[in-house]
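[1] Have a look at this prediction, sequence included:
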Amino acid sequence: MSEKTLTDYAKVIRSKNSGPFELTFDVMFDREEPYRIVKASGAINFDAMAHAFAVPREHVLVCTAFDAARAFKITLKRPTSSGDLDDRDVYGCQQHLPLTTLKIPA
């Protein structure tokens, strides 16, 4: 079975703060067919997100599909709070990279 990455299907993959202690990720599709392929693959799930971001499973707070919007919403606990001295991305907008390489069975 061949594989493609999530970037081969999704129109937008982005991250941002969801308050100072959480990051939220949006994966959006401009057409129904790629959205259905990704959803049917089951590749976007709690365990896969924990693995992709190298966090404990309990740090993945939300991982759900929204059919009406052809999108997925994922929310994780931030490794450090926004604005903390150890924080390298105050707005959380550069955290989506692990999603871009997520493998989707074709």
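    Sure, I can see it. Numbers count the residues shown, from 1 in each chain.
[2] Looking at strand pairing, list the partners for the nearest residue to Ile74 once chain neighbours are set aside.
    In space, and not counting its chain neighbours, Ile74 is closest to Phe25: 4.2 Å by C-beta to C-beta, 6 or more residues apart in numbering. Heads up, the C-betas are built off the backbone N, CA and C, glycines and all. Phe25 has the following beta-bridge partners by DSSP bridges: Ser15, Ile74.
[3] mind checking how far Phe25 is from Ser2?
    Using C-beta to C-beta, to the nearest Å, we find Phe25 at a distance of 25 Å from Ser2.
[4] neighbour count winner among those two?
    Phe25 (25 against 6; other C-beta atoms under 10 Å).
[5] got a list of what the more buried one touches?
    13-15, 72-76, 95-96, 99 (C-beta atoms under 8 Å, 6 or more residues apart in numbering).
[6] So which of those is the closest to Glu32?
    Nearest to Glu32, judged by C-beta to C-beta, of the contacts of Phe25 is Phe72 at 14.2 Å.
[7] Show me what secondary structure element comes after the helix or strand where the closest one lies.
    Using DSSP states H and E, Phe72 falls within strand 71-77. Going down the chain from strand 71-77, the next helix or strand is helix 97-100, by DSSP H and E.
[8] With that, I have no additional questions.
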